[in-house]
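# From the sequence below, what's the structure:
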Amino acid sequence: MRLKPIRTEEDYDKALARLEDIFEAEPGTKEGDELEILAMLIEDYEDKHYPIGPPHPIEAIKFRMEQMGMKQQDLAKILGHKSRASEILNKKRKLTLEMIRKLNKELKIPTEVLVQEY
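The predicted model follows:
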């Protein structure tokens, strides 16, 4: 395939098909180099045409808790009160700056995710 910028959906579909054809190419080979460049072109096109926004703050907390095997009572220890953890997870209480700092530190959730409006 002759590499060129991906400008249209047709270009995108062709690039995806070619990527599938050479997906197992060895690094350092002609096809391996093509695969690497094609992946960059596809990623750039997808970033521009199919952007993925940041997750909802509360969904990010729930997801991270699940990853870490945490229960609501574990979150309560971080936030200070069992009822506060429940209110946060049920979207009845907004996160405060202090809570955001604690969640960032303890759960390693980026602050830019936690500070979003919801």
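
# contacts, neighbours, all on C-alpha from now
Fine.

# Could you list every helix and strand in contact with the lengthiest helix in the chain?
Among the segments of the chain that qualify as a helix by DSSP state H, the longest is helix 30-49. The contact analysis (3 or more Cα pairs under 8 Å, 6 or more residues apart in numbering; DSSP states H and E) places helix 30-49 against helix 9-21.

# quick one: average pLDDT of the helix it packs on?
Helix 9-21 carries an average pLDDT of 97.

# what does it rub up against?
For helix 9-21, contacts defined as Cα atoms under 8 Å, 6 or more residues apart in numbering pick out 1, 6, 35, 38-39, 42, 45.

# Let's see if you can find the most crowded of these.
L35 (23 neighbours; other Cα atoms under 10 Å).

# Tell me if I'm right that L107 and K62 touch.
No: with contact defined as Cα atoms under 8 Å, L107 does not count as touching K62 (10.4 Å).

# Closest to G69 out of the contacts of helix 9-21?
A39 (34.2 Å; Cα to Cα).

# For that closest one, list the residues it contacts.
L19.
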